[in-house]
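1. just need the structure, nothing else, for what follows:
(one chain, ligands or ions: 1)
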Amino acid sequence: MMIIAGNWKMNMDRASASALVKTLSAEIKPLTAHLDMIVFPPAVLIDTAINASPSSALAVGGQDCHFNANGAHTGDISAAMLVDAGCQWVLVGHSERRSDHGETNDIVAAKAEAALSAGLKVMICVGETLAERESGKANDVVAAQVLGSLPQDLPSDRFALAYEPVWAIGTGKVASPEDVDDMHNHLRAVLIGRNPDYAAVDILYGGSVKPDNAAGLLALANVGGALVGGASLKAEDFLAIANAAPHS
Ligand code: PGA
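-> Residues are numbered from 1 along each chain as shown. Just a heads-up that it's a prediction; the model follows:
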């Protein structure tokens, strides 16, 4: 099933989170027949989001987790804590985690492993920088990130991949449908090369997805959804993006 996910990043408060989730929950029933809808609030707003979504049609996920199950890791949260809070998903390897916190592929793979052990589904993020794209290295960089960030023996029904070119995140510069098509076809081949079971794993596109560009991106053969940052903070925009997804 195609996935439309909202990454709130370090935004919102209890009142705005509750209002947003209530509006989404009231509107998404018809959409969830053909879409998985997920929001990724900041950790302290997970409880608010879950309480505001009584139908559970809207899944909730954490934006990150530690690779250890518990212990002396001040400021971190574990995958089991996310499960305990009611989460079904966690994002790992977002480019802002990779750049702000120095997360390597090995760390991302360890986090994904911890999340799986705790019972979460993982959305593993990859994407090249502008310099890497301009020097013609985008395909190689992203393939290396995928191969390095996926834990061994990752079951195909426990994860999704999100391709988010760093230069398109929060910049308003969306990748062209041609570039997204090329990259997603490449990523499909990389996934299948790793494991033939990965032929149907959703590969989401992220990076300045908006209501006016979503339909063109979501119609591409190997685009299995969208990971939406800025536009996921407004119910109207997030719903318009979900409504732009094909029904198949
Ligand atoms: P954006 O962020 O939609 O604001 O570009 C996407 C993301 O980083 O997940």
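
2. got the contact list for Gln88?
-> 38, 59-61, 120-121 (CB atoms under 8 Å, 6 or more residues apart in numbering). Where C-beta positions appear, they are placed from N, C-alpha and C, glycine not excepted.

3. so can I have CSV of those residues showing secondary structure, neighbour count and pLDDT?
-> Formatted as CSV, those follow (DSSP: H, G, I helix; E, B strand; the rest coil; neighbours: other CB atoms under 10 Å; pLDDT from 0 to 100):
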residue, secondary structure, neighbour count, pLDDT
Ile38, strand, 24, 98
Ala59, strand, 21, 97
Val60, strand, 24, 97
Gly61, strand, 25, 98
Leu120, coil, 24, 98
Lys121, strand, 20, 98
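
4. turn those residues into CSV, columns for distance to Gly230.
-> Formatted as CSV, these follow (distance: CB to CB, whole Å):
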residue, distance to Gly230
Ile38, 16
Ala59, 20
Val60, 19
Gly61, 18
Leu120, 25
Lys121, 24
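
5. any idea how far the top helix by length along the chain is from the chain center?
-> When the chain is scanned for its longest helix (criterion: DSSP state H), the result is helix 177-194. Its chain's C-alpha centre and that of helix 177-194 lie 17 Å apart, by CA atoms, centre = their mean, to the nearest Å.

6. same question, stretch 22-34
-> Counting by CA atoms, centre = their mean, stretch 22-34 comes out at 19 Å from the chain centroid.

7. repeat that for stretch 109-122.
-> With CA atoms, centre = their mean, you get 14 Å for stretch 109-122.

8. tell me the buried residues in that stretch?
-> Buried residues in stretch 109-122, counted by 16 or more other CB atoms under 10 Å: 109-116, 118, 120-122.
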